[in-house]
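Chemist: Here is the input, now give the coordinates:
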Amino acid sequence: MRLDKFLKVSRIIKRRTLSKEISESSRVKVNGKVAKPSTKLHVGDEIEIEFGRSLLTIKVKELREHVLKEDSAMLYEIIKEERIERDI
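Modeler: Model (predicted):
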């Protein structure tokens, strides 16, 4: 499954166009490497997403084309969530 679609289906990012834009701006890494929206994901991959001043690291547990809102959290496991301190 494509990275941008997984982020939308899992509801980590609400819209696929937004997940595509974030990926294109080099704010998403898969297994430590900067990823494009078309990057193919596999179960066990680790995804790092930079949201403003926070960094979310998740592990892909399951890949599905469609999932109900209540079940979307079972597609991934949050490994780490941290704030990023930047010098201005």
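
Chemist: For V30, name its beta-bridge partners.
Modeler: K33, I47 (DSSP bridges).

Chemist: got a list of what it touches?
Modeler: Residues counted as contacts of V30 (Cβ atoms under 8 Å, 6 or more residues apart in numbering) are 3, 39, 41, 45-47. Yep, even glycine has a C-beta here, placed from its N, CA and C like the rest.

Chemist: K29: neighbour count?
Modeler: 18 (other Cβ atoms under 10 Å).

Chemist: Just the residues contacting the helix or strand of the chain with the lowest mean pLDDT, thanks.
Modeler: The helix or strand of the chain with the poorest confidence is helix 16-24; it has a mean of 89 (mean pLDDT, DSSP states H and E). For helix 16-24, contacts defined as Cβ under 8 Å, 6+ apart pick out 3-5, 7-8, 12-13, 28, 35-37, 39, 49.

Chemist: try stretch 39-53
Modeler: 1-3, 6-7, 12-13, 22-23, 27-32, 35, 55-63, 76, 79, 83-86.

Chemist: so where's the chain shaky on pLDDT?
Modeler: Where the chain drops to pLDDT under 70, the residues are 86-88.

Chemist: Now do the strands in it.
Modeler: Along the chain, counting by DSSP state E, strands occupy 28-30, 33-34, 46-51, 54-60, 76-83.

Chemist: Can you lay out the ones you listed as CSV showing distance to L68?
Modeler: Below are the strands of the chain laid out as CSV (distance: least, Cβ to Cβ, whole Å):
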stretch, distance to L68
strand 28-30, 25
strand 33-34, 31
strand 46-51, 21
strand 54-60, 18
strand 76-83, 15
